[in-house]
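J.: Provided below are the primary sequence and the corresponding predicted coordinates.
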Amino acid sequence: MLFAKAGLSPAAISSLFVIWSVTSFVLEIPAGLWADVFSRRSLLTIAPLLTGTGFALWTFAPSYLSFALGFVLWGAGGALRSGTLQALVYEELTRHGAADAFPRILGRTHAMGMLAVMAATGLAGPVVALGGHRAAGIASVAACLLCATAARSLPGSRGRTERGPGYREVLRAGLAEVRRTPAVRRSLLIVSVLMGTAGALDEYVPLLAGSTGAPASVVPLLVLLVTAGMTAGGWLAGRGTRWTAGLLVLAAGCLAAGAASGRAAGLLPVALAFGVFEWAMSNADARLQEQIGDESRATVTSVAGFGSEIVAVLTYAAYALGSTWMGPGSLFALAAVPILVVALAVRSAGRREDKRRRRRTP
């Protein structure tokens with residue numbers, strides 16, 4: 001709405017989204033390297049400041065150039081955070097002998113983030129009604145400043161003076177871990193496909209809800225139902241991880257059946273499916289953290305983020321192409337296929353781990 005009010009055409013607005021995506025792609029892995037070489041806490045502090053600066057440009061100097069620069073700053077801030085937070089939290093928990101708590105903390109962090117988004121969405125209307133887009137922009141900048149303050153309060157992680165290795169050494173170490181360790185490659189694939197597919201599908205939930213024939217006033221409630229499912233899934237992360245493969249198969253079935261039903265009630269099993277996806281993503285991320293070393297932890301984690309972006313783009317492209325022949329229900333049902341593939345990969349990884357444990361047992 002802000003862009004349209006400034007006189008931008010749909011094509012110009014689309015170009016801004018392209019700039020945002022390209023920035024995230026280009027900086028994803030370099031940001032992971034920075035997090036492994038410098039202070040992770042400092043990067044997490046800088047990230048929201050970059051995003052807030054972009055929002056300030058949009059608020060006080062609205063123009064295409066400001067919008068484009070704002071998206072570059074937002075993409076840079078997102079890249080600095082991606083992989084860095086997971087690496088810092090896992091490393092600090094390990095130092096305190098509490099690494100097992102990582103999936104629970106990560107899942108609940110995501111859950112609280114979704115609750116915050118829901119609250120902000122609900123407040124956006126009254127804020128804009130009272131103070132216009134400038135009031136919403138100022139509130140957004142203030143939120144970013146609060147994020148930076150919260151990041152500064154995190155435990156300080158090791159920076160370059162303590163770690164020693166530079167960019168080349170960290171990059172080589174990260175690539176070596178991926179190349180030499182099949183378990184790391186499997187985990188990267190699982191995290192990338194799961195996050196990329198579920199993350200992309202989430203953007204199309206309003207279209208799925210609208211295709212059920214529900215009244216326009218009910219569609220937001222159906223979308224809220226799916227968001228609530230995701231929030232519950234994140235809150236329950238870290239529990240029952242041995243059932244991951246089976247629950248992913250169940251989730252794929254719920255997604256396909258609920259979406260293909262063409263009914264508003266079908267959003268209930270879809271919400272259950274998205275809850276399982278959120279739960280499984282936190283567990284898969286935790287599994288990845290267990291398999292990689294501190295030396296290049298953020299770098300390897302950023303590779304997973306990069307992979308999920310690629311999968312998301314492929315999902316967007318597939319949805320766009322498929323939409324010429326099929327409706328949202330059929331497209332969501334087909335999206336259950338990659339989830340089933342992930343379930344099989346999780347099952348295979350679990351069997352390999354069981355075999356290794358049996359060999360170690362006298």
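T.: Structure received.
J.: Show me what the longest helix along the chain is packed up against.
T.: The helix of greatest length in the chain, counted in residues with DSSP state H as the criterion, is given as helix 102-152. Helix 102-152 is packed against helix 2-5, helix 40-60, helix 84-95, helix 219-235, helix 267-291, with contacts defined by 3 or more CB pairs under 8 Å, 6 or more residues apart in numbering; DSSP states H and E. C-beta: built from backbone N, CA, C; applies to glycine.
J.: which of those sits most buried?
T.: Per-residue neighbour counts averaged over each of these give the maximum for helix 267-291, namely a mean of 25 (mean count of other CB atoms under 10 Å).
J.: Now do that one: distance to the chain's middle.
T.: Offset of helix 267-291 from its chain centre (CA atoms, centre = their mean, to the nearest Å): 11 Å.
J.: who touches the closest residue to residue 338 other than its chain neighbours in this structure?
T.: Using CB to CB, 6 or more residues apart in numbering and skipping residues adjacent in sequence, the residue nearest residue 338 is residue 197, 5.0 Å away. For residue 197, the contacting residues are 311, 312, 315, 335, 338, 339, by CB atoms under 8 Å, 6 or more residues apart in numbering.
J.: do the same with residue 256
T.: With CB under 8 Å, 6+ apart as the criterion, the residues that contact residue 256 are 332, 333, 336.
J.: these two touch, right, residue 290 and residue 100?
T.: No - counting by CB atoms under 8 Å, residue 290 stays clear of residue 100, with 9.7 Å between them.
J.: Report the next helix or strand after the helix or strand of the chain at the bottom of the mean pLDDT ranking in sequence order.
T.: Of all the helices and strands that make up the chain, helix 160-163 has the lowest average by mean pLDDT, DSSP states H and E, namely a mean of 46. Along the chain past helix 160-163, the next helix or strand (assigned with DSSP states H and E) turns out to be helix 167-180.
J.: avg pLDDT for the following helix or strand past that following helix?
T.: Per DSSP H and E, the first helix or strand lying C-terminal to helix 167-180 is helix 182-203. Model confidence over helix 182-203 averages 86 on the pLDDT scale.
J.: can you check stretch 218-234 too?
T.: Per-region confidence: stretch 218-234 scores 89 on mean pLDDT.
J.: Look up the closest residue to residue 6, ignoring the ones flanking it.
T.: residue 62 (4.7 Å).
J.: Which residues are in contact with the one you found?
T.: With contact taken as CB under 8 Å, 6+ apart, residue 62 is in contact with 2, 5, 6.
J.: Return the member of the residues you listed nearest to residue 36.
T.: Out of the contacts of residue 62, the one with the shortest distance to residue 36 is residue 2. That distance is 36.4 Å, counting by CB to CB.
J.: Next, work out how far apart the closest one and residue 124 are.
T.: To residue 124, residue 2 is 11 Å away according to CB to CB, to the nearest Å.
J.: Domain-wise, how is this structure divided?
T.: Partitioning the chain according to automatic domain parsing yields domains covering residues 1-157, 173-362.
J.: So which of those is nearest residue 166?
T.: Taking CB to CB as the criterion, residue 166 comes closest to domain 1-157 out of the domains of the chain, the separation being 6.4 Å.
J.: Give the closest residue to residue 343 in space, chain neighbours not counted.
T.: With sequence-adjacent residues excluded and distances taken as CB to CB, 6+ apart, residue 343 is closest to residue 248, at 3.8 Å.
J.: what number of residues lie near the one you found?
T.: Burial measure for residue 248: 28 neighbouring residues, criterion other CB atoms under 10 Å.
J.: Tell me if I'm right that it and residue 342 touch.
T.: Yes - proximity of residue 248 to residue 342 meets the contact threshold set by CB under 8 Å, at 6.0 Å.
J.: now stretch 274-282: mean pLDDT?
T.: Per-residue confidence for stretch 274-282 averages out to 92 on the pLDDT scale.
J.: Repeat that for stretch 52-68.
T.: Averaging pLDDT along stretch 52-68 gives 94.
J.: what's the span of it from first residue to last?
T.: The separation between the terminal residues of stretch 52-68, taken as CA to CA, to the nearest Å, is 14 Å.
J.: right, and residue 228 touches residue 271 too?
T.: Yes - using CB under 8 Å, residue 228 and residue 271 qualify as a contacting pair, with a distance of 6.7 Å.
J.: Can you list the residue ranges for helices in the stretch 251-362 of the chain?
T.: 267-291, 297-322, 328-334, 336-360 (DSSP state H, counting those that start in this stretch).
J.: Next, format those as TSV and append distance to residue 188.
T.: Supplementary listing: the helices of the stretch 251-362 of the chain in TSV, determined by distance: least, CB to CB, whole Å:
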stretch	distance to residue 188
helix 267-291	7
helix 297-322	5
helix 328-334	24
helix 336-360	11
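J.: comparing the ones you listed, which gets the lowest mean pLDDT score?
T.: Set side by side, the helices of the stretch 251-362 of the chain show their lowest mean pLDDT on helix 336-360, which sits at a mean of 77.
J.: ChimeraX command to pick out the buried ones of the contacts of residue 256?
T.: The following ChimeraX command selects only the buried members of the contacts of residue 256, with burial defined by 16 or more other CB atoms under 10 Å:
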select :332,333,336
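J.: okay, the contacts of residue 256 in CSV with distance to residue 267 next?
T.: Output for the contacts of residue 256, formatted as CSV (distance: CB to CB, whole Å):
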residue, distance to residue 267
332, 10
333, 14
336, 15
